[in-house]
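S.K.: Quick one, fold the following:
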Amino acid sequence: MKKTIFQITTALALLAAAGAANAADCKVTVGLVMELTGPAGEYGQAGAKSVEMAFRDINAAGGAHGCDLVTDTRDSQSQGNVAVDAATQLVQVKKVPAIIGGIISSVTIPILTSVTAPAKIVQVSPAASSPTLTALGRDGKTNGIFFRTITSDSLQGIAAAKYAIDKGFKKLAIIHVNNDFGVNMVAEFSKAYKALGGTIVSTTPYNEKQSSYASEVTAGMGGDPDGLYLVSTPVDGATIARTWISQGGPQKFLLNDGMNSPDFIDSVGADYLKDAYGTSSGTTPTPSTDYFNKNYKDFSGIEPTNPAADRAYDAGAIVGLALAIAGDDTSKLKDDIYKVVDPKGTPIYAGKEEFAKALGLIKEGKPIRYEGVIGPVSFDQYGDITGPFRLWKIADGKVATDGELKMEDVSALKDKIK
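M.R.: Residues are numbered from 1 along each chain as shown. Okay, here's the model as predicted:
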């Protein structure tokens, strides 16, 4: 009898140990398609690290439904066709429940239209800001699966126009990347800038990764502008800015959000950027903001001010918490995304302790409201968010905040311009 009891006890212990091992081995893989190389490589590297940090924090708190979140990260090379191939592999072969990425609109849009929307797989972009993404949702072409943690350029263009006028830009030349992002940003900006009294003397598109931009700069300088609005990425933008300066262009610049970059400043030279200003999607500070700013560099080796870093952490946190809500059934993950930012939920912030609180509430069936690094957000039916815009300038070789334009002010300007 004693021998039998001993055998049963031993068997149960072995089963328990095996169950614990299986739980430890349980993983949920999320696909990341990031611009790790190419013109937007600086953004993608920061974004990938941010998602990994968010997943680390959730895993330390208990994971998604008891499983560790892991990433399968693919490099889009900043090219739409490469991104589509990578996303197809992740969705069709790896069977991931969600994709985070891309960073730029010209990568994000083809992933959405060719892969995630047809497959009805949730896609969250930390930084794709093209108004085309809203239009796709409005036209019923996204299956409601697309979300982004950045405001649309239809609003940022207005904020940039107001800031340009306030900073004394009366006659601007525009040089912009010739893709969906650049074309839409310039269209929204131009309409607002002209309505506010500004004059655009030239608009010159360029193609990425050229060895020289001398002809574009020559075209842009026609009409005697008092400054340049440069809509670009850090690598190409630095080449264009250096060419502009060497050809005698006025050293007064208006820059888009992605040019908020130490690499751009170092490459051009701080002495030439003493009159350089820009706009970006802003933040409403929360405890998450403080947590991220204090811990991100130690984790990643990258400055927390890097474009896309803050909002990529939020993209990872929102997807991870949605997977925790979904449990074993991810078929309605798009609905669970909204549950993560439920206005009626208990506020949850970034970091292990806060995520542990969130997982406890989820287990009890109670609502949560994640208030992230960029602030409290809510998604509309097209996956868009609203928020303030940060006004910044380059001072002493660093990007410094120069003010904020509130969302209600941007909306008022938009109504006035109409």
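S.K.: which residues sit in contact with Thr279?
M.R.: Residues counted as contacts of Thr279 (CB atoms under 8 Å, 6 or more residues apart in numbering) are 156, 159-160, 163, 256-257, 389-392, 405. For every residue, glycine as well, the C-beta is placed using N, CA and C.
S.K.: what are the phi and psi angles of Ala276?
M.R.: Main-chain dihedrals, Ala276, degrees, to the nearest 10: phi -120, psi 130.
S.K.: cool, and Val28?
M.R.: According to degrees, to the nearest 10, Val28 has phi -120, psi 120.
S.K.: Any idea what it is bridged to?
M.R.: Leu69 (DSSP bridges).
S.K.: if I pick it, what's in contact with it?
M.R.: Contacts of Val28 by CB under 8 Å, 6+ apart are 63-65, 67-70, 97, 323.
S.K.: any idea which of the residues you listed is closest to Ser50?
M.R.: Leu69 (13.5 Å; CB to CB).
S.K.: Does the closest one touch Ala60 like I think?
M.R.: No. In this structure, Leu69 is not within contact of Ala60 by CB atoms under 8 Å, at 10.7 Å.
S.K.: Which residue of the two possesses the greater neighbour count?
M.R.: The residue with more neighbours, out of Leu69 and Ala60, is Leu69; 24 against 14, by other CB atoms under 10 Å.
S.K.: What's the separation between Gly316 and Gly31?
M.R.: Taking CB to CB, to the nearest Å as the measure, Gly316 falls 12 Å from Gly31.
S.K.: which residues are in contact with both of these two?
M.R.: Ile100.
S.K.: Tell me both backbone torsions, phi and psi, for the residue lying closest to His65 once chain neighbours are set aside.
M.R.: Distance criterion CB to CB, 6 or more residues apart in numbering; nearest residue to His65, sequence neighbours excluded, is Gly327 at 4.5 Å. Backbone torsions for Gly327, taken as degrees, to the nearest 10, come to phi 70, psi -130.
S.K.: my read: Gly327 touches Gly63, true?
M.R.: No. If you go by CB under 8 Å, Gly327 and Gly63 don't touch, sitting 11.6 Å apart.
S.K.: The two: who's more crowded?
M.R.: Shown here are Gly327 and Gly63; by other CB under 10 Å, Gly63 has more neighbours (21 against 14).
S.K.: And that one, how far from Gln92?
M.R.: In terms of CB to CB, Gly63 sits 26 Å off from Gln92.
S.K.: correct me, but Cys26 touches Gly66?
M.R.: Yes. The criterion here is CB under 8 Å, and Cys26 meets it with Gly66 at 6.3 Å.
S.K.: Can you check the pLDDT for Val70?
M.R.: Val70 is assigned 98 on the pLDDT scale.
S.K.: ok, how many other residues are close to Arg138?
M.R.: Around Arg138 there are 11 residues (other CB under 10 Å).
S.K.: ok, it touching Tyr382?
M.R.: Yes. Contact criterion CB under 8 Å: Arg138 and Tyr382 qualify, at 6.2 Å.
S.K.: From Pro388, how far out is Tyr291?
M.R.: Distance from Tyr291 to Pro388, counting by CB to CB: 20 Å.
S.K.: One more: Val30?
M.R.: 29 Å.
S.K.: Which one of those two is surrounded by more residues?
M.R.: Val30 (25 against 20).
S.K.: Is the more buried one located within a strand, as I assumed?
M.R.: Yes. Using DSSP: H, G, I helix; E, B strand; the rest coil, the secondary structure at Val30 is a strand.
S.K.: Check what pLDDT it gets.
M.R.: pLDDT, Val30: 98.
S.K.: got a list of what it touches?
M.R.: Contacts of Val30 by CB under 8 Å, 6+ apart are 51, 55, 69-72, 96-100, 319-320, 323.
S.K.: what's the answer for Gln123, then?
M.R.: By CB under 8 Å, 6+ apart, the contact list for Gln123 reads 98-101, 108, 111-112, 116-117, 145-147.
S.K.: ok, now Asn143?
M.R.: 117-118, 120.
S.K.: One more pass at 6 Å, please.
M.R.: Residues counted as contacts of Asn143 (CB atoms under 6 Å, 6 or more residues apart in numbering) are 117, 120.
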